[in-house]
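Asker: how would this look folded up:
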Amino acid sequence: MTKRTQLALATALVAALALGASGCSDTTKKGKGGASAENPAAANEGKILGGTPVKGGTLTILSNQDFSHLDPARNWVMPTMDFGTRLLYRTLVTFKSEPGKGGSELVPDLATDLGTPSNGGRTWTFTLKEGVKYEDGSPIKAQDIKYNVERSFAPDLTGGPDYAAQYLAGAEGYKGPLQGQHLDSVKTPDDRTIVFELKRPVAEFSATATLPTFAPVPQSQEKGTQYDARPFSSGPYKIESYDRDKKLVLVRNEHWDPKTDTVRKAYPDKFVMVMGLKGGQVDDRIIAGEGADASSVQYFDMRPESAPKVLPKADVKARLLAESQGCTEMLHLNNSRAPFDDPKVREAMQYAIDKEAVVTAGGGPALNEVATAYLPPALSGGKQADTLGIAPSGDPAKAKELLKAAGKETLKVSLTVSTGDKAKGEAIQQGLSRAGVEVVIDTVDPGAYYDVIGDLSTTPDMTLTGWCPDYPSGSTWIPFVFDGRTIKDKGNQGNYSQFRDEATTKRIDEINAMADAKQANQAWIDLDAEIMKKSPSIPVLLERKPLLVGPNIAGAFGHPVWTGTIDYGTVGLKDPSKSQG
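Answerer: I've put the predicted structure just below:
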């Protein structure tokens, strides 16, 4: 692939995200089950709340959960990727710290530029900046990035991005570096140069290098699964203390040099994350905004039942971020076993579900709208397709007809949801009951949720979870959610339906081989429609990310790439003297 083609594709990808962001958040339109023309939650979209922060003080983050994984080799949950890559570790490339479409722009981070492709796009070379250091003052080396990329293959270090496994040449069967084995396709000719040899051309590899997989981990700091508790900092903050499920305290990394970092501003002296709180409790504390809570933000979404306390009150609504997440939330049906190994039963579920009820359970049309396809609007020209044309409230009679034809007039199935999604689970349960489907709900703590549903030995009949593009390309979406080759016994990510379909796999490979960006983008959209007809999963919702901030918070905005999560690299306080901790 020529450099001109690579640049054209990169430009097209950024434009696609910009187009998708505007389409997803267009409050002047009303789609099926969509948000009203005057969406009160969208008032602050694209804005920075609180003005420019003043350096100093303690910013508190209130959360109902711990992180699934802070280890950069295992970090693949959007809010955690934002937290980790903005505060604790740097990557070869990152995204600009800006709201709206500006935040989708790639900028160098540890690298001096966005990487240099050669060999038709099969080889990518990055050079590290001079003067980048760890928290102990030792230099960050190219070998440390190679080591973390290799760690992402280790069977015990599950849960992280699969891009290295998909893209790197000669990686088949590789099990990581813990037994002394290394990848020949990642070369480090000197301390500041790293070269990636890929199995096929990857025009958007610069964007891939934004992922935590491409953060440095020195081999001397290796602690296996225990690295989760104490990542070695290459970012502006380091861990002072971490009491799992209770409290995390970050303090400044005095060896981080802002001259080498154009993105992170590191305004607060300290970040304190308090965990294990109830959702409604966090909402109420930040709404009141008193004492330390005035200098607080929330890590997880505002509870749907808190919307009436926020949206009608101008002073509180002014402290609400609710960016479009750019993700699709789906009900995944376990295709590997009965009853969902039968395509007719899966099709029946598409008609049985009441998506409007799930919208209501998720906070109403101000915060959600009905999804009609898998690919989010950001990857399909600003709006979703509607291949099946099913009413937002479903068609129970049609569902019963399909179930009868499949010999399954009554069904009893299990559904696992995160604790915070219990209301959505109950809405799904009630909707499916109209078609004679009995649903037994199991709730799991958010911090353990992805480990549970990603273990094939504990995977239920149905799971509710979303998928978001890691960067604006269909290659970051459909292959991870519907390519059967990505399924793992443990640490399974994306393909929670365990969908194995030869025609889909073949088409994924064909699209990945396309050199023309426009052709590839349309091909992903067309493949979305074909997969919808096979119904491995049910697209349910497109969500906003409602996050409240305290009255002493400044510089807060929802980052468009990290699904509307607050950009921790630039948030801070109006008056540090008013903070506590």
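
Asker: Give me the distance between residue 190 and residue 286.
Answerer: Separation of residue 190 from residue 286 (C-beta to C-beta, to the nearest Å): 49 Å. The way it works is simple: take the backbone N, C-alpha and C, and place the C-beta from them, glycine included.

Asker: Looking at the two now, which is surrounded by more residues?
Answerer: Higher neighbour count among residue 190 and residue 286: residue 286, with 28 against 11, using other C-beta atoms under 10 Å.

Asker: which stretch of helix or strand covers that one?
Answerer: Per DSSP states H and E: residue 286 is located in helix 279-288.

Asker: Show me what that helix is in contact with.
Answerer: Residues outside helix 279-288 that contact it (C-beta atoms under 8 Å, 6 or more residues apart in numbering) are 62-64, 293, 296-298, 300, 302-303, 305-306, 309-310, 316, 319, 420, 548-550.

Asker: Can I have the buried ones of those residues as a ChimeraX selection?
Answerer: The ChimeraX command for the buried members of the contacts of helix 279-288 (criterion: 16 or more other C-beta atoms under 10 Å) is given here:
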select :62,63,64,293,296,297,298,300,302,303,306,309,310,316,319,420,548,549,550
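
Asker: So the nearest residue to residue 422 once chain neighbours are set aside: helix, strand or coil?
Answerer: Once flanking residues are discounted, residue 422 sits nearest to residue 443: 5.4 Å by C-beta to C-beta, 6 or more residues apart in numbering. Assigned state for residue 443: strand (three-state reduction, DSSP: H, G, I helix; E, B strand; the rest coil).

Asker: what's the pLDDT at residue 443?
Answerer: Here the pLDDT value assigned to residue 443 is 96.

Asker: Equivalent analysis for residue 10, please.
Answerer: pLDDT, residue 10: 34.

Asker: Could you pull up the residues touching the nearest residue to residue 311 once chain neighbours are set aside?
Answerer: In space, and not counting its chain neighbours, residue 311 is closest to residue 40: 4.6 Å by C-beta to C-beta, 6+ apart. Going by C-beta under 8 Å, 6+ apart, residue 40 touches 311, 317, 366.

Asker: Pretty sure the residue nearest to residue 422 sits against residue 418.
Answerer: Yes: the pair residue 443 and residue 418 passes the contact test of C-beta atoms under 8 Å, sitting 7.1 Å apart.

Asker: want to throw the contacts of residue 40 into a markdown table with neighbour count, secondary structure and distance to residue 269?
Answerer: A markdown table is the format used below for the contacts of residue 40 (neighbours: other C-beta atoms under 10 Å; DSSP: H, G, I helix; E, B strand; the rest coil; distance: C-beta to C-beta, whole Å):
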| residue | neighbour count | secondary structure | distance to residue 269 |
| --- | --- | --- | --- |
| 311 | 21 | coil | 34 |
| 317 | 17 | helix | 30 |
| 366 | 22 | coil | 36 |
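
Asker: Which residue ranges of the stretch 1-150 of the chain form strands?
Answerer: Taking DSSP state E, counting those that start in this stretch to define them, one finds strands in the stretch 1-150 of the chain at 58-62, 93-95, 106-108, 116-118, 123-127.

Asker: Output the last one as CSV, nothing but the C-alphas.
Answerer: What follows is strand 123-127 as a C-alpha-only set of coordinates in CSV (Å, rounded to 0.1, in the frame of the first residue of the first chain):
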residue,chain,number,x,y,z
THR,A,123,6.1,-2.6,8.3
TRP,A,124,5.7,0.3,10.7
THR,A,125,8.6,2.1,12.4
PHE,A,126,8.4,4.4,15.4
THR,A,127,11.1,6.5,17.1
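
Asker: The residue nearest to residue 422: neighbouring residues, count only.
Answerer: The number of residues packed near residue 443 is 15, by other C-beta under 10 Å.

Asker: can you pull the contacts of it?
Answerer: Here residue 443 is in contact with 416-419, 422, 425 (C-beta under 8 Å, 6+ apart).

Asker: try residue 373
Answerer: Contact analysis of residue 373 by C-beta under 8 Å, 6+ apart lists 328, 380, 384-387, 528-529, 532, 539.

Asker: Now that we have the residues you listed, which of them are buried?
Answerer: Among the contacts of residue 373, those that count as buried by neighbour count (16+ other C-beta under 10 Å) are 328, 380, 384-385, 387, 528, 532, 539.

Asker: Identify the farthest-apart pair in those.
Answerer: Farthest-apart pair in the buried ones among the contacts of residue 373 is 328 and 387; separation 13.6 Å (C-beta to C-beta).

Asker: Now stretch 177-195: buried residues?
Answerer: By neighbour count on 16+ other C-beta under 10 Å, the buried set for stretch 177-195 is 177-178, 183, 185-186, 188, 192, 194-195.

Asker: So of these, which two are at opposite extremes in space?
Answerer: 178 and 192, at 25.5 Å, using C-beta to C-beta across the buried residues of stretch 177-195.

Asker: mind checking which helix or strand the closest residue in space to residue 406 that isn't next to it in sequence is in?
Answerer: With sequence-adjacent residues excluded and distances taken as C-beta to C-beta, 6+ apart, residue 406 is closest to residue 344, at 4.0 Å. Element membership for residue 344 (DSSP H and E) is helix 343-352.

Asker: quick one: buried residues of that helix?
Answerer: For helix 343-352, a neighbour-count test (16+ other C-beta under 10 Å) marks 345-352 as buried.

Asker: Might one say that residue 295 is in contact with residue 571?
Answerer: No: using C-beta under 8 Å, residue 295 makes no contact with residue 571, being 10.7 Å away.

Asker: what sits in contact with each of those two?
Answerer: Counting by C-beta under 8 Å, 6+ apart, the contacts common to residue 295 and residue 571 are 59, 553.

Asker: Kindly list the main-chain dihedrals of the closest residue in space to residue 423 that isn't next to it in sequence?
Answerer: Leaving out its chain neighbours, the residue that sits closest to residue 423 by C-beta to C-beta, 6+ apart is residue 361, at 4.1 Å. The phi and psi values for residue 361, taken as degrees, to the nearest 10, are phi -70, psi -30.

Asker: gap between residue 361 and residue 341?
Answerer: 29 Å.
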